[in-house]
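Trainee: I'd like to go over a predicted model; first the sequence, then the structure.
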Amino acid sequence: MGDLEEIVQINRLALPENYPVGYFIQLLKDCKSASVVAEIDGNVVGYIITRIEKFSLTGFLTGKYPRGHIISVAVHPEYRRLGIGYQMMNYVVSKLKSMKSIKEVTLEVRVSNEPAIALYRKLGFKVDKVLEKYYKDGEPANLMKLRLQ
Ligand SMILES: CC(C)(COP(=O)(O)OP(=O)(O)OC[C@H]1O[C@@H](n2cnc3c(N)ncnc32)[C@H](O)[C@@H]1OP(=O)(O)O)[C@@H](O)C(=O)NCCC(=O)NCCS
């Protein structure tokens, strides 16, 4: 929570999806254990915010399973291509894996966002489906999933 201001600044610099500060606070309170910041010399240079959600595997049975949902990922523009995004994603995936009940990690990414899609593929994420008009400007999202065992 102490890094909130820098997280919000990087979010505004890096992404068109700029959530209200209150939403970040709510997410950080809910899921501290699977969110992360990267720091260099005490300055925040990247973050990942994750939410743990319950979902039904079949859509109609009553069983609910927790999954990790990666809500927002960004690295400060001056610190890209240094392995920071990969290191943070690896940390989050390992952390979610260590919570034994979590069987999958999901995220949405713009279909045009080649750097991010390449990052997620490198970690083993696969495109599950395309969500048409997912973003406010009408761009579709790739829904990507990683199975954890
Ligand atoms: C996507 C993002 C988080 C990557 O962070 P990063 O620290 O620069 O990434 P890394 O240096 O760890 O790169 C890891 C892998 O990602 C892929 N990648 C990262 N940047 C890339 C680029 N510009 N072009 C192609 N592939 C890229 C590569 O596969 C790379 O592995 P490699 O170095 O072995 O080729 C960063 O570009 C960013 O903040 N973008 C703006 C915000 C954003 O799009 N967030 C995702 C929203 S879903």
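Mentor: Thanks, I have the structure now. Quick caveat: nothing in here was measured; it's all calculated off a predicted structure. Residues are numbered from 1 along each chain as shown.

Trainee: In the longest helix seen in the chain, which residues are buried?
Mentor: For the chain, the longest helix by residue count, based on DSSP state H, is helix 84-98. Residues of helix 84-98 classed as buried: 84-85, 88-89, 92-93, 95-96 (neighbour count, 16 or more other C-beta atoms under 10 Å). Bear in mind the C-beta positions are built from the backbone N, C-alpha and C, glycine included.

Trainee: Could you save these as CSV and add columns showing pLDDT?
Mentor: Formatted as CSV, the buried residues of helix 84-98 follow (pLDDT from 0 to 100):
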residue, pLDDT
Ile84, 98
Gly85, 98
Met88, 98
Met89, 98
Val92, 97
Val93, 97
Lys95, 94
Leu96, 94
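
Trainee: could you dump those to TSV with distance to the ligand?
Mentor: Below are the buried residues of helix 84-98 laid out as TSV (distance: C-beta to the nearest ligand atom, whole Å):
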residue	distance to the ligand
Ile84	4
Gly85	2
Met88	8
Met89	8
Val92	12
Val93	13
Lys95	17
Leu96	17
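
Trainee: Next SSE downstream of the longest helix of the chain?
Mentor: Once the chain leaves helix 84-98, the next helix or strand it forms, by DSSP states H and E, is strand 104-110.

Trainee: Packing partners of that next one?
Mentor: strand 65-75, helix 84-98, helix 114-122, strand 141-147 (3 or more C-beta pairs under 8 Å, 6 or more residues apart in numbering; DSSP states H and E).

Trainee: From the rest of the structure, what touches that strand?
Mentor: Contact with strand 104-110 is made by 67-71, 73, 92-93, 96, 116-117, 120, 125, 128, 131, 134-135, 139-148, as judged by C-beta atoms under 8 Å, 6 or more residues apart in numbering.

Trainee: Report the next helix or strand after the helix or strand of the chain with the lowest mean pLDDT in sequence order.
Mentor: Across the helices and strands of the chain, mean pLDDT, DSSP states H and E gives its lowest value to helix 21-31, namely a mean of 87. Counting by DSSP H and E, the next helix or strand C-terminal to helix 21-31 is strand 36-40.
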